[in-house]
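# Take a look and give me a structure for this.
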Amino acid sequence: MMYSWKFSWWNLLVPAIACCFLATPPLVWSQSKKVNAPVRERVSINEGWRFMRYSSTPDNLVYDERPVVESHNDNVVADTRATDSSRAKTSDQSLKKWILPTANDFIKDTAKLHQRPSGNPGADFPFVKAGFDDKAWEEVTVPHDWAIKGPFYTGDKPVVGGGMGRLPSQGVAWYRNKLNITETDRGKSIFLDIDGAMSYAMVWFNGVLVGGWPYGYNSFRLDLTPYVKPGGVNQVAIRIDNPNHSARWYPGGGLYRNVWLTKVSPAHVAQWGSFITTRDVSNASATLDLAVDIENKSVVDQPIKIVTDVYGLNTQFIRSPNKIVSFPVATTMVAAGKKSTLRNSVLLKNPLLWGPPPTQRPNLYLAVTRVYAGDKLVDKYETRFGIRSLKFDPVKGLFLNDKAIRMQGVNQHHDLGALGAAFNTRAAERQLEILRELGCNAIRLAHNPPAPELLDLTDRMGFLVINEVFDCWERGKTPHDFHLIFPDWYEADTRSFIRRDRNHPSIIEWSFGNEVGEQYTAEAGAALAKKLWAIVREEDSTRPATASMNYARPDMPFPTAMDILSLNYQGEGIRDAPAYAALKGIRTSPLYPAFQKKFPDKFIQSSETSSALSTRGTYLFPVVDGISAPIAEGAGGDFKLQQVSAYELYTAAFGASPDKVFASQDKHPYVAGEFVWSGFDYLGEPTPYYTARSSYSGIIDLAGFKKDRFYLYQARWRPNLAMAHILPHWTWPNRVGEITPVHVFSSGDEVELFLNGKSLGRKRRGPYEYRFRWDSVQYQPGVLKVVAYKNGKAWAKDTVQTVGTAAKLQLVADRTKIKADGQDLSFLTLSVVDSKGRLVPQANNRIRFEIVGPGKIVATDNGDPADLESFSSTDRKAFSGLALVIVQAKKGATGTIIVRAKSEGMPSVETRIKLN
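Numbering: from 1, shown residues only. Prediction:
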């Protein structure tokens with residue numbers, strides 16, 4: 001079948017970028033007159049938290065029992081049962097029954113709703129009481145990742161292994177905050193909204209266990225209204241229990257996303273309660289369909305009227321002064337304690353469509369819904385959305401607004417490198433800016449719901465998104481992952497995930513699983529897949545729903561449950577090239593043709609490709625003759641240094657080089673595109689060296705520095721960009737006269753290479769070739785130069801040359817003006833250069849960073865996956881000539897920050913950052 005859907009979306013958690021992305025409003029609400037108070041308030045409570053993580057045996061307030069793991073490495077085995085990170089409890093001490101009712105709003109069958117037991121567990125525990133003295137606890141601002149400062153676990157038997165990043169993310173911790181809620185809030189409904197807590201969050205408010213949410217990636221809401229003390233002290237206490245062996249990558253730990261208080265009248269738009277879809281979309285007109293869920297928490301029936309106006313939005317989410325169109329007025333009677341949905345439609349003429357640059361523009365709209373109870377305005381709710389059409393053609397690929405779009409995508413994990421899991425808008429924006437330069441137009445969010453603000457960025461920057469919810473179902477991948485809670489929470493997690501994000505125009509697909517173990521269980525696995533698929537389609541029938549497959553074959557039942565086919569590595573073949581013949585594991589020939597033959601009406605995409613590995617600026621010899629090879633000691637890898645050659649030919653055992661992937665896709669043009677594993681290096685999963693801290697698979701390293709692979713993808717994804725890139729560097733004092741292959745990546749179709757002015761030959765790109773190779777070059781110091789041609793005309797040039805020894809430093813900021821809001825960041829690149837200002841490619845000098853003025857150094861890095869120096873250290877070795885320092889202004893400060901860098905034997909250097 002060919003899916004053709006037309007729709008549009010918004011972000012309903014963040015009504016304005018200025019107040020929700022970066023601002024942190026005061027914790028104490030003002031004593032404004034009630035008549036002037038807004039009918040809806042969403043107040044950041046990111047500041048003023050006290051934090052404590054147990055250093056030994058934690059308390060007994062556990063969510064539920066879980067397996068005990070007996071291991072000190074990444075190969076773990078689960079045996080007996082236990083309830084938290086370090087102690088065993090009996091099941092009758094579980095608090096799960098008090099937490100499960102939090103899921104009720106996302107359970108369709110009312111017969112399956114959870115009933116809160118009697119009693120109030122934990123009421124006598126000191127940490128939940130308002131009078132507990134927490135002054136000795138650390139004061140923190142959220143988003144907060146308790147593990148990112150380290151230190152890293154080292155050695156062969158670390159407490160937390162390389163798979164989870166060797167950082168102390170495990171354990172039990174508490175967060176406490178006091179909220180002053182004024183008398184003017186009496187009679188309102190007051191909710192605590194948590195965008196993400198890693199993990200097993202349980203919340204006490206004024207001594208009452210009000211609920212929680214185990215899955216660390218989903219956002220959730222708790223109703224505080226029955227327990228609020230207007231005009232008094234209101235104490236919130238949150239317990240986090242983050243188990244070891246719970247993930248295949250770095251999860252972070254704590255309240256790592258934003259936290260909010262929402263204050264509304266008892267009759268109001270429900271949580272994530274507005275949904276706008278579009279149909280009959282063209283440049284001439286589009287029909288907007290609106291559904292609004294009204295919740296009545298009062299004790300009397302309410303006559304409700306809604307009025308919705310639509311405005312234009314710019315890319316900074318600033319709305320136009322005049323409304324563009326209005327929906328007809330809708331009315332209903334909402335019974336006390338119930339919900340009701342109002343639906344309406346309107347025709348919008350000459351819509352500005354949402355689409356990805358450079359061929360389209362990410363135009364956005366804002367719907368403002370005013371809710372009246374009788375004649376009284378009781379709520380005002382904003383819905384951001386975009387208007388566009390999608391068509392998933394099984395032969396011709398993806399069409400957006402009737403224009404063909406090839407998906408040039410990458411996979412992204414949720415961490416932000418040296419900042420860890422704590423979400424920061426500017427850090428995420430920087431990543432997307434670098435990916436845009438690459439030519440990337442699509443992101444797969446691997447393998448969990450993102451921070452809401454990330455989707456705001458993809459909306460306004462115009463990236464296509466596959467939004468994914470689970471990495472496993474009932475069959476776990478690690479002893480403590482989501483499979484432990486899947487039976488209780490899969491429905492609530494799936495429905496809440498979609499309701500939160502369904503109005504984002506950037507999201508084009510839902511993924512409800514990644515490489516799940518149920519691929520192996522035939523009909524049983526397919527049945528579970530169909531159950532999850534049905535939930536997704538009940539929540540949103542306008543987008544395709546899929547799960548990514550690395551094992552399921554065309555003749556198996558699992559693929560039948562998918563709207564579209566999402567293949568991980570199977571399209572280009574797994575371990576099928578000669579260099580992989582001796583490896584054990586899944587082995588398949590390229591399966592694009594078999595899937596296309598079995599499912600001729602289904603759209604096919606590669607949701608994970610390549611998994612090529614490299615360490616930026618590292619070149620190991622000899623170089624493989626073929627186009628793709630698995631990493632091995634002495635063959636692209638150096639176990640002692642924990643480095644992988646940057647010739648960009650070496651891969652994980654199941655992977656394939658970019659060249660091999662490109663060829664397979666070009667031979668099968670019905671494949672709609674790819675999502676490379678991965679865009680950036682990420683914390684954890686450091687294949688092939690699990691003694692390291694972070695991955696080797698990124699096109700860009702952990703610090704945000706481009707690997708050579710960046711230019712191979714850029715040459716393919718931006719064919720109209722005149723570019724050429726030579727590798728390796730040309731400073732090899734110990735290789736004079738030795739074979740040192742030279743490779744060139746270019747968007748041209750012909751390239752000529754010169755060494756010290758002498759031509760080494762002119763090469764034309766052959767069929768299914770994606771790099772130009774001179775594999776017999778003998779190294780001589782001097783200058784390598786390449787001239788690229790396209791259609792017979794000079795197109796681009798690049799030069800590398802032998803440089804001198806390290807002589808000085810350069811320090812360049814990505815932005816020399818930042819906001820003094822306590823959130824904005826400047827990323828400064830430190831380069832070690834010779835006397836002529838040329839990068840010294842093998843420099844590893846130790847750098848000391850200092851800051852003067854109203855700011856702080858947040859983190860440093862160098863992109864080396866094997867560097868176990870704490871990210872919080874202000875001393876850092878350069879790696880392949882580069883290092884990174886991240887700085888932030890103090891909130892409310894003015895003036896200038898001076899950032900200095902020093903290294904022994906070289907003059908110091910400084911850069912000034914002005915504060916807005």
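
# the strands in the stretch 801-916 of the chain, which residues?
With DSSP state E, counting those that start in this stretch applied, the stretch 801-916 of the chain shows strands at 808-813, 817-818, 826-833, 846-852, 855-861, 875-877, 882-889, 896-903, 906-915, listed in chain order.

# quick one, phi psi at residue 590?
Here is the backbone geometry of residue 590 (degrees, to the nearest 10): phi -60, psi 130.

# Can you tell me how far it is from residue 864?
34 Å (Cβ to Cβ, to the nearest Å). C-beta coordinates here come from the backbone N, C-alpha and C atoms, glycine included.

# Neighbour count for the two, which is higher?
residue 864 (30 against 19; other Cβ atoms under 10 Å).

# for this structure, where's the lowest mean pLDDT among helices and strands?
Among the helices and strands of the chain, helix 17 carries the lowest confidence by mean pLDDT, DSSP states H and E, at a mean of 33.

# moving C-terminal of it, what's the next helix or strand?
Using DSSP states H and E, the helix or strand that directly follows helix 17 along the chain is strand 40-44.

# Name the strands paired with that next one and say parallel or antiparallel.
Counting by DSSP bridges, the strands paired with strand 40-44 are strand 259-264 (antiparallel).

# how far out from the middle of the chain is the following helix or strand past the strand it pairs with?
Remark: after strand 259-264, the chain's next helix or strand is strand 267-279, criterion DSSP H and E. A distance of 25 Å separates the centroid of the chain from that of strand 267-279, by Cα atoms, centre = their mean, to the nearest Å.

# cool, stretch 216-224 as well?
Per Cα atoms, centre = their mean, the centroid offset for stretch 216-224 relative to its chain is 19 Å.

# swap in stretch 351-365?
Taking mean C-alpha positions (Cα atoms, centre = their mean), stretch 351-365 and its chain are 22 Å apart.

# do the same with stretch 664-682
18 Å.

# tell me how far the ends of that stretch are from each other?
End-to-end span of stretch 664-682 (Cα to Cα, to the nearest Å): 27 Å.

# For it, give the mean pLDDT please.
Stretch 664-682 comes out with an average pLDDT of 98.

# And for stretch 622-633?
Throughout stretch 622-633, pLDDT has a mean value of 96.

# Can you list the buried residues in it?
Within stretch 622-633, the residues that qualify as buried are 623, 624, 627, 628, 629, 630, 631, 632, counting by 16 or more other Cβ atoms under 10 Å.

# Please flag which of the residues you listed sit within strands.
629, 630, 632 (DSSP state E).

# Please report the distance of the last one from residue 207.
If I follow you right, that is residue 632. Taken as Cβ to Cβ, the span from residue 632 to residue 207 is 59 Å.

# Repeat that for the second one.
If you measure residue 630 against residue 207 using Cβ to Cβ, the figure is 57 Å.

# Of all the strands of the stretch 801-916 of the chain, which one is nearest residue 365?
Among the strands of the stretch 801-916 of the chain, strand 817-818 comes nearest to residue 365, with 29.7 Å by Cβ to Cβ.

# how far does the closest one sit from the chain's center?
Remark: strand 817-818 is offset 24 Å from the chain centroid, using Cα atoms, centre = their mean.

# helices and strands around that strand, which ones?
Using 3 or more Cβ pairs under 8 Å, 6 or more residues apart in numbering; DSSP states H and E, the elements in contact with strand 817-818 are strand 906-915.

# What strands line up against the strand it packs on, and which way round?
As defined by DSSP bridges, the strand partners of strand 906-915 come to strand 817-818 (parallel), strand 896-903 (antiparallel).

# now the angle between strand 846-852 and that strand, please.
If you take axes from the mean of the first three to the mean of the last three Cα atoms, to 10 degrees, strand 906-915 sits at 40 degrees to strand 846-852.

# where along this structure do the helices fall?
Secondary structure of the chain (DSSP state H): helices at 17, 96-99, 425-438, 452-461, 486-501, 522-539, 592-598, 658-667, 709-717.

# Residue 353: which of those helices is closest?
Within these, the stretch nearest residue 353 is helix 452-461; the backing value is 13.4 Å (Cβ to Cβ).

# so where's this protein uncertain?
1-36, 70-92 (pLDDT under 70).

# Tell me which residue is most central in it.
residue 414 (3.5 Å; Cα atoms, centre = their mean).

# can you pull the contacts of that one?
217, 252, 421, 445, 448, 450, 451 (Cβ atoms under 8 Å, 6 or more residues apart in numbering).

# Quick check: ChimeraX command selecting the buried ones in these.
Only the buried entries of the contacts of residue 414 go into this ChimeraX selection, using 16+ other Cβ under 10 Å:
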select :217,252,421,445,448,450,451
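
# Out of the contacts of residue 414, the closest to residue 358 would be?
Using Cβ to Cβ, residue 445 comes nearest to residue 358 of the contacts of residue 414, at 23.0 Å.

# Report the beta-bridge partners for the closest one.
residue 412, residue 467.

# In JSON lines: the contacts of residue 414, plus distance to residue 905.
Conversion of the contacts of residue 414 to JSON lines gives the following (distance: Cβ to Cβ, whole Å):
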{"residue": "217", "distance to residue 905": "47"}
{"residue": "252", "distance to residue 905": "38"}
{"residue": "421", "distance to residue 905": "38"}
{"residue": "445", "distance to residue 905": "45"}
{"residue": "448", "distance to residue 905": "46"}
{"residue": "450", "distance to residue 905": "44"}
{"residue": "451", "distance to residue 905": "43"}
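
# Grab the two from the contacts of residue 414 that are most spread out in space.
252 and 445 (15.3 Å).

# Would you mind stating the distance between the residue lying farthest from the centre of the chain and residue 278?
For the chain, the residue at maximal distance from the C-alpha centroid (Cα atoms, centre = their mean) is residue 758, at 47.3 Å. Computed as Cβ to Cβ, the residue 758 to residue 278 distance reads 61 Å.

# so which of the buried residues of stretch 622-633 would you say is closest to residue 202?
When the buried residues of stretch 622-633 are compared against residue 202 (criterion: Cβ to Cβ), the nearest one is residue 631, at 42.9 Å.

# At which residues are the strands of the stretch 251-400 of the chain located?
Under DSSP E, counting those that start in this stretch, the stretch 251-400 of the chain gives strands at 259-264, 267-279, 285-296, 302-313, 325-326, 330-334, 339-349, 364-373, 376-385, 388-393, 397-400.

# now those as CSV including mean neighbour count?
Output for those, formatted as CSV (neighbours: other Cβ atoms under 10 Å):
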stretch, mean neighbour count
strand 259-264, 22
strand 267-279, 23
strand 285-296, 20
strand 302-313, 19
strand 325-326, 14
strand 330-334, 15
strand 339-349, 14
strand 364-373, 22
strand 376-385, 21
strand 388-393, 22
strand 397-400, 20
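
# Make CSV from those strands and add distance to residue 522 to it.
What follows is the strands of the stretch 251-400 of the chain, written out as CSV (distance: least, Cβ to Cβ, whole Å):
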stretch, distance to residue 522
strand 259-264, 44
strand 267-279, 36
strand 285-296, 38
strand 302-313, 48
strand 325-326, 51
strand 330-334, 47
strand 339-349, 39
strand 364-373, 45
strand 376-385, 41
strand 388-393, 27
strand 397-400, 31
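
# ok so, going back, between the helices of the chain, which gets nearest to residue 795?
Per Cβ to Cβ, nearest to residue 795 of the helices of the chain: helix 709-717, 11.1 Å.

# Quick check: buried residues in that closest one?
709, 710, 711, 712, 713, 714, 715, 716, 717.

# same question, stretch 902-912
Neighbour-count burial for stretch 902-912 [16+ other Cβ under 10 Å]: 902, 903, 906, 909, 911.

# ok, of those residues, which one's closest to residue 274?
Among the buried residues of stretch 902-912, residue 911 lies closest to residue 274 (Cβ to Cβ), at 44.9 Å.

# what about the closest one, distance to residue 860?
Residue 911 sits 15 Å away from residue 860, going by Cβ to Cβ.

# Sounds good, over and out.
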